[in-house]
Every structure is written in structure tokens, then in C-alpha cells.
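sequence unknown, structure follows:
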């Protein structure tokens, strides 16, 4: 039903009011690529090549790929298991578990890692990085897979069973193929996160391209070398995105049918039930219990926790206004891109819509460097002001807004719009009065998602923020980098609290709606 | 389509436009300091300065190298009035680029000549020694190396920690290049890479020593000294070890500050520099950070006396290696950066 858009109209010309913002956005989102090219040019291509082909880069490549592969696979296994347990079996208190299992989503990875490190400093290195990042990221698979399981047509499974397939055959032959789009979507997000992750890996003392780019900048201030590492990182992103397209192509035979979700028959776990409950308990304890417990402990006992009420308050207000402002800006950027892509399919719209996804996989630091570079040269009044930071946020998280809005927009029929237009309204007012109100839920979800990401953003914020301004995340970073765990605790606790709100809204939404677009 | 929805839409648009126009967060203070030094001590100094002079100060925190190069990129329009860095290296780089103003005599006269720029474009504020912090349960002082060069020997494999991103580590490397040549410095780095364990910052390396994860670490004295002040030296499992052989392992490094030529608040900036070098200012910095004051009238509360330190000879002025460039290139060449 929702697998194909049938009303595309290639011949209709793109209105100027849509064309101009889209072209501006394409230019804006190409800036990071332009920045990398300019830096490489400055260094000279032969020097650039020597910066790329050295032993260090090979080591970073190995580190990065290992982490990416192991965390993605483990998170996917955990996410699919929890989703299946909570949607398809008779585990007790399923709603409560569902909330608990998604809780780690509200704990930023760098906070989770510092709490683990302050508990068990031996966790440093690859093992610790895999543990902490897996525990932080599995909800990215759990959420969409659970939603897909909920929306699945039970008739298919019944048919399979009636044909004599047993439970596990049914799972692998019937259920799993239908889960693929949701599962791949989540896994790709995790893989891309691994490429861009900085804060958590800094605490865990594990080097990847992103931490190395950070060092190039903060230690050597070597723009050329940082840019060359970024170039390799970009190629990795391209590979991940390419892999997704490949997998998605293969998965097409499993058309996601939005059947009547009806009542699913729950599988009776029998003697395995206590085991399943124990596993869930262990998972939640490790993923949410440990970080929350440790932050609570430091909050109460930290030796360095002199509570500066005024500072905490101003960091909270700054964080909320940056988060809200950046999220709104991302929505404003996303609307024309999505509208163009859905209503006027063509080469420009495909490129315009895809470019932000590409940028999204870059670390915040690179977006930060880009905007500093261009602002100093061509827009100095904006340098070190909040609007520039908000633009940075919007660039970084544009795809989150895009995908939420897109999911809502493809369900809106063009007929209403056409009718309004035939009544003499212009395209813009039709959009504002008819389309926008209809896609409000998607806009809301996008807003919450981007807000959540901005709360946790660290490296672009460090670079672009106005002098003297702190966010909750930069405060946590500053204190924990000096091992002042007590002093960082109030900021960390508040950060989790405010991130919890959008997470709660988003998961509640996926409870009430049965689509797989969560 | 409902009215409520439309209203909420209008509200959001309004909120966004206000957000974009309204940036009170970048309000102008009288002085802007780009601060690469430890924040607590600097903020205490600033608070005292503001109390004395009623001049408001804003700080931008970052790594010294980052902030110095940021000023180069910003050029004449840099919002910074003063830069305060971990090492003298970034200051020398800025002076070479012609971006620094000359300091008033008041500030310069507070600091001995060997710890300030000959042209008066920057002054040292605090000094510290490179040291070895060791865990008493895991090793004894008579088993520790007597030169940092020893660490390339395979017998030290997995016995020590170092912090390649630290400015003082890079200064050590610059001094090595000057004294013993690039080849020997390179061989030393490769030895460290093979035998040592890398940590992201000095505090983390010291904590690892204190816990006993690793026998010893190459750090600066004040990380251990301030921990000893907080918890009592007798309660610590770690101790400080000075080689005492005029070796590079006992190198003295200097943090310092300078005024930007482009500053629009030169007068206030000069006042700040005078205060930072004064007895009162230096006492605050010393109390908060356990580094050696360069104004010799100040009480150091039980640090090993500055006069008893045995730094290597000819390392106060590193000449052409002062800007740290050669050290960074070497770090990149061996693949540590």
C-alpha cells in the first residue's frame, strides 16, 4: 500500500519558490565537501596523497572498521532479540520492559562511557568500546524492529504454520525477511554512528578516524591532514550508504504489507521464561542501570561536586534553546527538500535529498571546522554567534527531520492539494494551509529526534559556540576530561533528564501507531 | 488545518525567527581571553581581577594549539584580547607571525628575564617540571630509568604511560630535536610507541598510575602535586620521581600569556597582564594549580623548591624549534598523530 508513490508527475515544472531554497540548501550542504577540497588543494595533492597513504591511516582504518562491524552486529542481535521477546512472546510486563529497554537511548554514549570508566577503568580499549557502544546503540534496532513486528500481518505467519513449518522456520523464512527494511535501517544508523562517534571513544581510549581528526585539529592544527583523514572517512560513509542501497535492493521482494495487525498469538516461552526475564534484567541493568546509578552516586558523593546553581541553570537554558532552535531550523530546511523529492521526482530532487544524508555521517567536528573556515572568510559577523551554531546543528541532523517528514508526506494524497490549487490558491499557501497541518505528526517526530541529537552534540558545539557559553554536554565533557566526576554529575543528570522527554514522546508514538516508519 | 494547529505553526515560526535574531549569548564583555590553561586556576585569577578592577572578562576554553591557530585564522578581526597557553610554544608561533602587542613594563618587570620574550611580546606565568609519577607498589625509585632515552629499551615494554597530545610532551620532543638531533628524537619516539601505553591526557595517565594499572607515567609535576594537596601525600599510592641528572625527563616548561595586537581593549588587557604577574595574581595561580610561580616572592606550599630542580642545560630557548612545528611533524611522521 505504501510501497509505491503512484501520483508522481514528472512534467510539472518546479515552482521557483521551491527551487530557490533547495538550491541554497544544496550549496550549504556541499560546504563541507568544498572545505575538504580547498584544504587538500592548499596542501598540494602530492602531500595530500602522502598524508592518506601512511601506516597510521591503515591502523585507523582497521580500528574503525573493527569497531563498526562488531558493534553493529552485536547491537542488531540484541535489538532483534528484545523486539521479538517483547512483541511475540508471553514475557510478563511487556509494556514496562519495552520502556526500560529503550531507556538507554536517552543516555548519551559519552556519558555512559565515562560512568563505566569511572567504575571500571580497565574497560579501556576495544573491549570496553564494544561493550559501552553496543549497550547504547541497540535501541536503534529494537525500536524499528518492534514497530515492524507489531505492524505485520498475522495471516502470513498462520499460513506458514499451517503449511507445516515450525516456529524457527517460520521466523527465518517468514518473519525475518519482512523485518529486513527496519533492521537494515537501524543497523546502518548504528554503523554511521560508529564512524562519527567521538566523546565515548575519547574516554575509552580507542582511536578511530574521528578521534584522530580531533587530535589533528586540537594538537597539530593541521587542517590538511585533518581534511585527508576526513576524506577517507567520507569514503567509508559512502561504502556504508552503498551497502544499505545494495541490501535494500535485495530486500525488495519482501514487500512490507501494512496488513491488519490484528491479534498476534503470543508464543508461550514455558521454562525459558525465567531465563528471558533474567536476560532482559541483565541488559537493562548494564545499559541503563549502571550509568544512571553511577551518575546518581557521583551526584550524592562526588568530592568535586560543588554545586554551582547559576552555572547549571544557564547551561540548561542554553542547551534547551540551542536544541529547540536547531530542531526548528532543521525542520524549515527539511520541508522544501522533502516536498521536492516526493512531489517532483527527478535528478535534482534525488541529489538534493541525498546530500544531507552524506553530510550526516560526518563527525560534528568537520561541520564545525567548515563553518568556522567559511564564516571567518566570508561571513565574519556570524562568527562565534548562536545562529551559526544553529545552522551547524541543522546541517548535521537534517536527515532525521527529512525521514520523519517524508514518512508523513507520502501518505498525504495530492488530490487535496490539487483541489485547493484549482480554487485559485497559490502553491505556497496550499502548502501552508493544507499540506503542513496534515504532516504535523511527522514534523513533530522530526523535531523531537533532532532536539534529542542536539542535546548530546559535543564537537561542533565546542568549536562554534559563542565565547563564554556552555551547554550541558560541554560542561560534562570539560569536567570529566579532568576526571572531576562529581562536578560533572549535575550536568549529566540534567542532560539525561531533558533527553528523556523526546525519547519518551517518540517511543509512546510508536506504541500508538502501527506503522513501521517509527 | 484546525485553527489550533495553524496557531502553533505561527508560534513556532515566530520562535525560530526570534531565536535567530536574538543572540544575547554572545554579549560583549570588556576582555576576551582565549584560555588554553587549566580552567579552575584561570577562573579564580579572573574573578580576583574583576573584583579589583570591575572589568568583566569572558573566556573561551580550548587547547592551546587550537586557540593559537584559531587566532591566526581570525587574523586582524580576532575577538580575543589575550591568549593564555599551556606552553610558550604557541605564543612564540604568534609572535613570529607578528600578531602580538608589546607588554607594559609593569608586567614584564614582575617576571625574570629568562622566562619572558626578549622583545616583551609575551611573559611566562607559571613553570613546571617534567617528572615521572610512579606507583610505589609496582616499582621503586632505584628501579626507575635515569634518562628518558632509556625507555626505548625493550625491558621497559608495557611499563610506562605517555601523553602524546600534551603540549609539555611536545616541548620535550622539541628540546630533544634541538639538543640531540632529529634522528635521535625520532628513534626515541618509535621506542615509546613500541614500549609505552598512550593516554589521552595527563590526569588519566596519573590516575592509572595511582590505581596501579601501570608502573609509571611521564607527566608534569603539578598533576601529582595538586592531588597530594587534596588528599594528602601520605595517602597516595603514587609518588614523584625527579631524575636529577639534567636529563630531558626533568625539563622545565613554561606557560604564558600575551596580548593580541588586534585587541580593542589594550588598556584593560595590560591591566590584566600586570595583575596576572603580580604577587597577588601569581599566588592565586599557584594555590589553585600547584605549578611554580615565576614571581619568586610567592609561597609554593611545599612543592620541591624550584631552585633544586635540575633541568637540562640550554633548553630555555629552543631557537628555531621554539614554535613546535618540528615536533608535530615528527609525531606525524612516526604515526602517533
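Thanks, I have it. Source: prediction; values computed, not measured. Residues are numbered from 1 along each chain as shown, chains lettered A, B, ... in the order given.

hey, let's count contacts and neighbours off CA atoms from now on
Will do.

point out where the stretch 251-400 of chain A drops to low pLDDT.
A:251-264, A:303-307 (pLDDT under 70).

tell me where it has helices.
For the stretch 251-400 of chain A, the helices defined by DSSP state H, counting those that start in this stretch cover A:273-284, A:290-301, A:309-343, A:347-360, A:364-378, A:386-409.

out of these, which is closest to residue A:107?
helix A:290-301 (7.9 Å; Cα to Cα).

any buried residues in the closest one, and which?
A:290, A:291, A:292, A:294, A:295, A:296, A:298, A:299 (16 or more other Cα atoms under 10 Å in any protein chain shown).

which of those residues sits closest to chain B?
residue A:298 (17.3 Å; Cα to the nearest Cα).

mind naming the longest strand for chain B?
strand B:123-135 (DSSP state E).

and the next helix or strand past it?
Where DSSP states H and E defines the elements, the next helix or strand beyond strand B:123-135 is strand B:160-162.

mind giving me the packing neighbours of the following helix or strand past that following strand?
Downstream of strand B:160-162, the first helix or strand assigned by DSSP H and E is helix B:167-180. If you count contacts as 3 or more Cα pairs under 8 Å, 6 or more residues apart in numbering or on different chains; DSSP states H and E, helix B:167-180 packs onto helix B:182-195, helix B:325-334.

let's have those in TSV, adding distance to chain A, mean pLDDT and mean neighbour count.
Shown next, in TSV, are those (distance: least, Cα to the nearest Cα, whole Å; pLDDT from 0 to 100; neighbours: other Cα atoms under 10 Å in any protein chain shown):
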stretch	distance to chain A	mean pLDDT	mean neighbour count
helix B:182-195	12	96	18
helix B:325-334	6	92	19
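
so which of those is nearest residue A:376?
helix B:325-334 (24.0 Å).

ranges for the strands of the stretch 1-150 of chain B?
In the stretch 1-150 of chain B, strands defined by DSSP state E, counting those that start in this stretch lie at B:31-35, B:57-61, B:82-85, B:123-135, listed in chain order.

and residue A:275, which of these is closest to it?
It is, among the strands of the stretch 1-150 of chain B and with distance given as Cα to Cα, strand B:123-135, at 44.0 Å.

isn't residue A:183 right up against residue A:76?
Yes. Counting by Cα atoms under 8 Å, residue A:183 touches residue A:76, with 7.4 Å between them.

anything in contact with each of these two?
Among the neighbours of residue A:183, those also in contact with residue A:76 (Cα atoms under 8 Å, 6 or more residues apart in numbering or on different chains) are residue A:141.

before we move on, back to that, distance to chain B added to the helices of the stretch 251-400 of chain A, as TSV?
Converted to TSV, the helices of the stretch 251-400 of chain A look like this (distance: least, Cα to the nearest Cα, whole Å):
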stretch	distance to chain B
helix A:273-284	28
helix A:290-301	16
helix A:309-343	6
helix A:347-360	21
helix A:364-378	6
helix A:386-409	5
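
so which of these is the most packed in?
Comparing the helices of the stretch 251-400 of chain A by mean neighbour count (mean count of other Cα atoms under 10 Å in any protein chain shown), helix A:386-409 ranks first with a mean of 25.

mind listing what's buried in stretch A:476-493?
A:476-481, A:483-493.

cool, and stretch A:171-183?
Under 16+ other Cα under 10 Å, the buried positions of stretch A:171-183 are A:171, A:174, A:175, A:176, A:177, A:178, A:179, A:180, A:181, A:182, A:183.

name the nearest residue to the residue most central in space within chain A, ignoring sequence neighbours.
Closest to where the C-alpha atoms of chain A average out (Cα atoms, centre = their mean) is residue A:189, at 6.1 Å. The shortest distance from residue A:189 to any residue other than its chain neighbours is 7.4 Å, reached at residue A:140 (Cα to Cα, 6 or more residues apart in numbering or on different chains).

can you give the domain ranges for the chain?
No chain specified, so I'll use chain A. The record's domain split for chain A, according to the TED database, is A:31-256+A:269-277, A:302-517.

right idea, wrong chain: chain B
B:31-127+B:252-303, B:128-251+B:321-334.
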